[in-house]
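> take a look and give me a structure for this.
(one chain, ligands or ions: 2)
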Amino acid sequence: MDYFNYTDGQLFAENVPVETIASEFGTPCYVYSRATFERHYKAYDNALGDHPHLVCYAVKANSNIAVLNVLAKLGSGFDIVSIGELERVLAAGGDPSKVVFSGVGKQPHEMRRALEVGVHCFNVESEAELYRLNDVAAKMGLVAPISLRVNPDVDAGTHPYISTGLKENKFGIDIQRAPDVYELAKGLKNLAIKGVDCHIGSQLTEVRPFLDALDRVLVLVDILKDKGIELKHLDLGGGLGVRYNQETPPEPSEYASEIIAKLKGRELTLIMEPGRSIAANAGIMLTRVEFLKCTEHRDFAVIDGAMNDLLRPSLYSAWQDIVPVKPRVTGEKRTYDLVGPVCETGDFLGKDRELILEAGDLLAVRSAGAYGFAMSSNYNSRNRPAEVMVDGDKLHLIRQRESIADQIALEKIIAE
Ligand SMILES: Cc1ncc(COP(=O)(O)O)c(C=O)c1O
Ligand SMILES: N[C@@H](CCCC[NH3+])C(=O)O
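Ligands and ions are numbered 1, 2, ... in the order given. The predicted structure is shown next:
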């Protein structure tokens, strides 16, 4: 559920007509609902109930510091994959002791900073990374808390680009080899083994693959126990899907209750790293129709939003709902491709959409709160959009639209 609803024939974000936001801040523009972020975070926190747990929101989904701050105020932890994400969490008032650091290519300076601020755990993805982290910690006279990210070889049943738990994926350590790698970690003086971690993919719409992965990880937990390696936590990663179109993903409550049932009798703190399921439906992207271009072959609505603003449709052929902010009741319904101004054939936000449109109409791309702005770029030298947070009847500009001056600020003409 979200807080983007129609009242009196027009779309509202919480208590604010979306049209007002477009008039005030222009388009394209991302609009987030604070109440939706809060609701989604609480859905996880409540679902995990009395079981010792830590919800670490995956910063990569939407890393605006106002979003992180809203979640930090609720007690959220954070899953990060770079020093940039760590600094964002700190700037947003997040608690570093609730941060887990994932990613296959952590650099020494990133490890140093994370150790300095005292993150909860490093999710280590290879032997080489274990050695590097041990070295960095040794030089600082510290002990780094670690878990190994294991690759359980389960098929997440999702898009191949966002499936991460198969043997052929670059992520994690083969679960069969994990006991040996834990032994190795145990022998390294500046590492402290805390847990185990796995993340099998994104936009999963069934609980089954999570449970399969969990079963395999629990076998590993028992093998390690027999070897005298006692784990304190189990991090199941993120990956729960959302409804973009016809999908019917489980609610966090259903997902969590099945997982907790399997953990009965074990003293394992459960960590989760949800990104999309917290952020996606907490945001929309507003875009305006520039021109209607109806040809013999196809009808195009040329809009002012493009693949550089929202990449998912171009990159994954992802389908996102696109709705008029003020639906027209009269006029001709046609089947449009909604295309942006970027010079790429793949620049579209939606294809074959039946809409009644006129130039100047305002559209909202739904479910754009996750992997939307976070994946935006300046391709074609386009300024990245503004981001606005709605809170009841209040509007907050949480990132101003970029300017051309911002874009060229780091560049320099060579002398002569
Ligand atoms: C390690 C890790 N944790 C958490 C996430 C968040 O995933 P999602 O947004 O699907 O919940 C990702 C991205 O897939 C990830 O790679
Ligand atoms: N960027 C992807 C998800 C990637 C998940 C990150 N591990 C998407 O938009 O669906």
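
> how about the helices in the stretch 151-300 of the chain?
178-186, 208-226, 252-262, 276-279 (DSSP state H, counting those that start in this stretch).

> who does the strand ranked longest in the chain pair up with?
When the chain is parsed with DSSP state E, its longest strand is strand 283-294. Here strand 283-294 is paired, per DSSP bridges, with strand 29-33 (antiparallel), strand 299-303 (antiparallel), strand 362-365 (antiparallel).

> buried residues in stretch 369-378?
The neighbour-count check on stretch 369-378 (16 or more other C-beta atoms under 10 Å) flags G369, A370, Y371, G372, F373, A374, M375, S376 as buried. Yep, even glycine has a C-beta here, placed from its N, CA and C like the rest.

> thinking the first one is in contact with L310, fair?
The reference is to G369. No: with contacts counted by C-beta atoms under 8 Å, G369 stays clear of L310, the gap being 11.0 Å.

> who in this protein is up against ligand 2?
K60, I162, S202, Q203, R312, Y371, M375 (C-beta under 6 Å from any ligand atom).

> and ligand 1, which of the residues you listed contact it?
Filtering the residues of the chain next to ligand 2 for proximity to ligand 1 (criterion: C-beta under 6 Å from any ligand atom) leaves S202.

> what subset of the residues of the chain next to ligand 2 is buried?
By neighbour count, with 16+ other C-beta under 10 Å, those hold K60, I162, S202, Q203, R312, Y371, M375 as buried.

> ok, and the closest non-adjacent residue to the residue nearest the centre of the chain?
Closest residue to the average C-alpha location of the chain: A61 at 2.1 Å, with C-alpha atoms, centre = their mean. Spatially, and ignoring its direct neighbours in sequence, A61 is nearest to G275 (3.2 Å; C-beta to C-beta, 6 or more residues apart in numbering).

> measure that neighbour to E129 for me?
22 Å (C-beta to C-beta, to the nearest Å).

> higher neighbour count, these two?
Taking neighbours as other C-beta atoms under 10 Å, G275 and E129 compare with G275 leading, 24 against 21.

> my read: that one touches G237, true?
No: counting by C-beta under 8 Å, G275 stays clear of G237, with 9.7 Å between them.

> need the residues touching each of the two.
Common contact partners of G275 and G237 (C-beta atoms under 8 Å, 6 or more residues apart in numbering): none.

> and L11, that one's in a strand?
Yes: L11 forms part of a strand when assessed by DSSP: H, G, I helix; E, B strand; the rest coil.

> wait, what's in contact with it?
L11 neighbours (C-beta under 8 Å, 6+ apart): F4, N5, P17, V18, E19, V323, V325, K326, A364.
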